[in-house]
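[1] have a look at this prediction, sequence included:
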Amino acid sequence: MISKIKEFLKSPVMDSLQGKSDLESRDEKSFFRLALMMVLGTLLLLFLSFMITFFVSVRGAEQTLVPDVTGELLIDGLISLQEKELYPRVQVRYTENPLEKNHIISQDPKAGSVVRAGKRIKLMISRGAVVDKVGLYTGQNLSDVKTQLQSLFASYTPLMIIREPVIFVFDDAPAGTILEQEPPAETPLTGLTDLVFVVSRGPVGEKYSIDNFVGLKWMDAVNRLIRSNQPFVFTQKKEEVNGRNSFVLTQSPKAGDSVESGTKIELAVSTPEKLASDETFGILEAALPEYPVSVDLTVEKIVAGGRSEIVFEMKHPGGQFSMPYREKKGTVILIKIYDEEVKRFTLE
């Protein structure tokens with residue numbers, strides 16, 4: 001009897017506990033599903049936000065037309081670009097025109113190109129010319145100033161040239177010293193400018209002692225005379241000296257004599273004993289005008305094929321001019337004054 005009562009009481013309790021356990025399990029599953037849906041929804045929302053932002057950024061800014069800023073002052077060009085929401089990338093270089101300083105000389109992309117707002121436009125800005133003012137040249141040697149100008153404008157169109165003929169006057173300053181210049185120093189350069197120089201010829205009646213040229217090869221004697229800007233006259237003697245070279249046999253004035261600056265030195269040279277079959281030797285003679293001041297004289301030769309070579313350059317007062325030559329037959333010799341041909345010889 002007791003066992004039946006226990007069995008009766010036990011069965012309903014067990015069923016009740018089991019039902020409660022099943023209910024809790026269902027609630028937990030529902031909560032898990034809900035949480036998972038919320039997480040997935042949040043991730044989906046973030047993904048959609050990312051995609052919207054991405055496509056907006058890819059679409060970019062609106063397109064705009066590149067303005068023409070070439071030739072404008074830099075500040076004006078920058079304002080024009082800013083109005084179009086474009087940004088500059090600036091580079092600078094020297095130009096040949098001093099008036100272009102601080103101006104835009106080129107742009108990339110070119111004017112009229114269609115680009116997106118925010119694009120960088122490459123601008124080339126002029127620093128102006130290498131020099132924009134006339135230098136101070138008084139007190140300097142004329143040859144040094146010529147070399148300076150040649151170096152200065154080696155890569156650019158010259159903005160200053162020395163007007164020829166240069167004015168030479170007697171002065172106590174050393175020969176070749178620039179005494180006056182026009183235009184004066186600090187004059188702004190706006191284009192090609194002529195430099196007018198007044199240059200010292202040295203003191204009036206300045207004298208010096210003659211070097212000894214006897215025994216030198218004729219070209220060595222010529223080179224020494226050129227370095228001192230001493231005019232010369234050559235003659236040829238039929239005397240032959242052993243070997244293939246020609247030497248100075250006599251000179252007038254003699255070595256050690258005191259002469260005034262500009263005195264012509266007369267030298268007699270020997271005739272080479274041996275010449276190649278295609279060579280010729282002799283004396284070139286030319287009567288030049290008498291110049292009031294020494295001028296730039298250039299001796300130039302044109303060899304086979306038309307190639308031109310400078311034999312030498314010097315200051316020359318004009319009048320009688322003569323020099324030896326030893327060249328291949330058919331060579332053309334030119335004598336130029338200020339780069340203008342005045343005499344032409346074809347060697348035979």
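    Looks like it arrived, so ask away. In this text, all values refer to a predicted model and were calculated from it rather than measured experimentally. Numbering: from 1, shown residues only.
[2] make it CA atoms for all contacts and neighbour counts henceforth
    Will do.
[3] tell me the SS of S151?
    Following DSSP: H, G, I helix; E, B strand; the rest coil, S151 is assigned to helix.
[4] next, count neighbours for it.
    Applying other C-alpha atoms under 10 Å, we find 11 residues neighbouring S151.
[5] these two touch, right, K217 and L267?
    No: K217 is beyond contact range of L267, at 11.5 Å (criterion: C-alpha atoms under 8 Å).
[6] neighbour count winner among those two?
    Set K217 next to L267 and count neighbours by other C-alpha under 10 Å: L267 wins out with 24 against 16.
[7] shouldn't Q82 be within a strand?
    No: secondary structure assignment (three-state DSSP) places Q82 in helix, not in a strand.
[8] and the pLDDT at it?
    At Q82, the pLDDT value in this model is 88.
[9] report how many residues lie close to it.
    Using other C-alpha under 10 Å, Q82 is surrounded by 14 other residues.
[10] hmm, back to that, who touches both of K217 and L267?
    Common neighbours of K217 and L267, counting by C-alpha atoms under 8 Å, 6 or more residues apart in numbering, are V248.
[11] what residues are up against S252?
    265-267 are the contacts of S252 under C-alpha under 8 Å, 6+ apart.
[12] may I see those residues arranged in JSON lines, with secondary structure, pLDDT and distance to L74 as well?
    Shown next, in JSON lines, are those (DSSP: H, G, I helix; E, B strand; the rest coil; pLDDT from 0 to 100; distance: C-alpha to C-alpha, whole Å):
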{"residue": "I265", "secondary structure": "strand", "pLDDT": "91", "distance to L74": "62"}
{"residue": "E266", "secondary structure": "strand", "pLDDT": "94", "distance to L74": "65"}
{"residue": "L267", "secondary structure": "strand", "pLDDT": "94", "distance to L74": "66"}
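[13] for the residues you listed, which one is nearest A221?
    Using C-alpha to C-alpha, L267 is the member of these that lies nearest A221, at 9.1 Å.
[14] so the residue lying closest to that closest one once chain neighbours are set aside: helix, strand or coil?
    For L267, ignoring the flanking residues on the chain, the nearest one in space by C-alpha to C-alpha, 6 or more residues apart in numbering is Q251 at 4.4 Å. Look at Q251: counting by three-state DSSP, its state is strand.
[15] just the one 3 residues further on next, same as before
    Secondary structure state of K254, per three-state DSSP, is coil.
[16] looking at it, it is touching I265, isn't it?
    No: with contact defined as C-alpha under 8 Å, K254 does not reach I265; the gap is 9.1 Å.
[17] which residues of the stretch 101-250 of the chain score low on pLDDT?
    For the stretch 101-250 of the chain, the stretches with pLDDT under 70 are 130, 204-206, 240-243.
[18] let's see that with 80 instead.
    Applying pLDDT under 80 to the stretch 101-250 of the chain picks out residues 127-131, 152-157, 164-170, 175, 201-209, 227-229, 239-244.
[19] for E180, grab phi and psi.
    Phi and psi for E180, reported as degrees, to the nearest 10, are phi -140, psi 150.
[20] ok, now which ones touch V293?
    Here V293 is in contact with 167-168, 317 (C-alpha under 8 Å, 6+ apart).
[21] out of these, which comes closest to I333?
    Nearest to I333 out of the contacts of V293 is P317 (C-alpha to C-alpha; 20.1 Å).
[22] ok, the residue nearest to L267 - how many residues close by?
    Q251: 19 surrounding residues under other C-alpha under 10 Å.
[23] how about T138?
    Residue neighbour count, defined by other C-alpha under 10 Å, stands at 19 for T138.
[24] quick check: closest non-adjacent residue to it.
    That would be I178: by C-alpha to C-alpha, 6+ apart, it lies 4.9 Å from T138.
[25] with D194 instead?
    With C-alpha to C-alpha, 6+ apart as the criterion, D194 has its nearest non-adjacent residue at 5.2 Å, and that residue is I161.
[26] show the contacting residues for the one you found.
    I161 makes contact with 149, 192-195, according to C-alpha under 8 Å, 6+ apart.
[27] the host helix or strand of F234: partners in the sheet, and parallel or antiparallel?
    For F234, the element it lies in under DSSP states H and E is strand 232-241. Strands that pair with strand 232-241, judged by DSSP bridges, come out as strand 265-272 (parallel).
[28] send the alpha carbons of the strand it pairs with over as CSV?
    Extracted C-alpha coordinates of strand 265-272, given in CSV (Å, rounded to 0.1, in the frame of the first residue of the first chain):
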residue,chain,number,x,y,z
ILE,A,265,108.6,93.9,-84.6
GLU,A,266,110.2,92.7,-87.9
LEU,A,267,111.3,89.1,-87.9
ALA,A,268,113.0,87.1,-90.8
VAL,A,269,112.5,83.3,-90.8
SER,A,270,114.2,80.5,-92.6
THR,A,271,112.8,78.2,-95.2
PRO,A,272,112.2,74.6,-94.0
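[29] quick one: contacts of that strand?
    Contacts to strand 265-272, defined as C-alpha under 8 Å, 6+ apart, come from residues 218, 230-253, 281.
[30] now list the buried members of these.
    Neighbour-count burial (16 or more other C-alpha atoms under 10 Å) applied to these gives 218, 230-236, 240-241, 245-251, 253, 281.
[31] centroid-nearest residue for this protein?
    Compute the mean C-alpha point of the chain, and by C-alpha atoms, centre = their mean the closest residue is S155, 3.0 Å away.
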